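In: A structural model of the following input is requested.
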Amino acid sequence: MQDALPTLEPGEVTLLRGGDRGAVAALVAAELRERDGLARWVDARNHASTYALTGHGDRRRLLDRVRVARAFTAHQHHALVRQLVREVRRPTSLVVAPAVDDLYGDDDLLAAEAQRLREASLSTLAALADARDLPVLVTATDPDAVSEHADRAIDVEETRFGRRFEGEDGETTTAYWTRGGWQTTIPYWVDLVGRVEPEPDQPVPHLEEVLG
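Out: Down below sits the predicted model:
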């Protein structure tokens, strides 16, 4: 069922729109199950949550593979992003930067300086993804301002069956994780076993007959 979540592509920056801490943690955990190496996480506004991460796999094994560096100001965030250039030389499978633009909106920065630092950080992440062939996952307070630096975007929303992910290419979640296990959908089973065609002489029932 791990393929129920979107895959983050190496060499690309993926912008997750609408996701909370749990959605980010779910994608990170899914990627680490499929890849070797570490996830390097540049955190802002305390998005890194051990509780959220450990809900998606073996607690110790997962947390041992996530390296979190927390920033509390725009200058700290920019410095940590630049530091990634050196750190990813070690085995790294994923870079995560939730709320990637948030700290650059603080009042202690002039607008011009804030924009310069934000653009430099986003450009560094994009260049890092390309040069090291790494997937980079970001979320944003202002997705429109960040989207030009992203290669693709994924939308996520909470439903009564769990989180629903939808990519720009139309790819959607076909299964949902709930407290009782996986909740599958009809498209999931169509992908798994194929579409059942009606017999040539067998009439296809109307929707009212099926629901009735």
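
In: Contacts only, for R61.
Out: Counting by CB atoms under 8 Å, 6 or more residues apart in numbering, R61 makes contact with nothing. All C-beta atoms are positioned from the backbone trio N, CA, C, and that covers glycine.

In: ok, now with 10 Å
Out: 32-33 (CB atoms under 10 Å, 6 or more residues apart in numbering).

In: Assumed it was part of a strand.
Out: No. Membership of R61 in a strand is not supported by DSSP: H, G, I helix; E, B strand; the rest coil, which gives helix.

In: Show me what the longest helix seen in the chain is packed against.
Out: Determined from DSSP state H, the single longest helix within the chain is helix 111-132. Here helix 111-132 touches strand 13-17, strand 38-44, helix 74-87, strand 92-97, strand 136-138, helix 143-147, going by 3 or more CB pairs under 10 Å, 6 or more residues apart in numbering; DSSP states H and E.

In: any idea of the pLDDT on A48?
Out: Predicted confidence (pLDDT) at A48: the value is 89.

In: which regions of this protein sit below the pLDDT cut-off?
Out: Under the criterion pLDDT under 70, the flagged ranges of the chain are 1-4, 55-60, 161, 169-212.

In: now with 90?
Out: 1-7, 18-22, 26, 30, 33-36, 48-63, 89-90, 108, 156-212 (pLDDT under 90).

In: before we move on, the earlier item: which of the residues in the longest helix of the chain are classified as buried?
Out: For helix 111-132, a neighbour-count test (16 or more other CB atoms under 10 Å) marks 114, 117-118, 121-122, 124-126, 128-129, 132 as buried.

In: Tell me what angle it forms with strand 13-17.
Out: 120 degrees (axes from the mean of the first three to the mean of the last three CA atoms, to 10 degrees).

In: sorry, back to before: tell me the one among the buried residues of helix 111-132 nearest to V96.
Out: Among the buried residues of helix 111-132, L125 lies closest to V96 (CB to CB), at 10.3 Å.

In: Put the alpha carbons of the longest helix of the chain into CSV.
Out: Extracted as CSV, the C-alpha positions of helix 111-132 are listed here (Å, rounded to 0.1, in the frame of the first residue of the first chain):
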residue,chain,number,x,y,z
ALA,A,111,11.1,44.2,2.5
ALA,A,112,13.9,44.3,0.0
GLU,A,113,16.3,42.3,2.2
ALA,A,114,13.5,39.7,3.0
GLN,A,115,12.9,39.2,-0.7
ARG,A,116,16.6,38.8,-1.5
LEU,A,117,17.1,36.2,1.3
ARG,A,118,14.0,34.3,0.4
GLU,A,119,14.8,34.2,-3.3
ALA,A,120,18.4,33.1,-2.5
SER,A,121,17.2,30.3,-0.3
LEU,A,122,14.6,29.0,-2.8
SER,A,123,17.2,29.2,-5.6
THR,A,124,19.7,27.3,-3.5
LEU,A,125,17.2,24.5,-2.8
ALA,A,126,16.3,24.2,-6.5
ALA,A,127,19.9,24.1,-7.5
LEU,A,128,20.6,21.5,-4.8
ALA,A,129,17.9,19.3,-6.0
ASP,A,130,19.2,19.5,-9.6
ALA,A,131,22.9,19.1,-8.8
ARG,A,132,22.6,16.3,-6.3
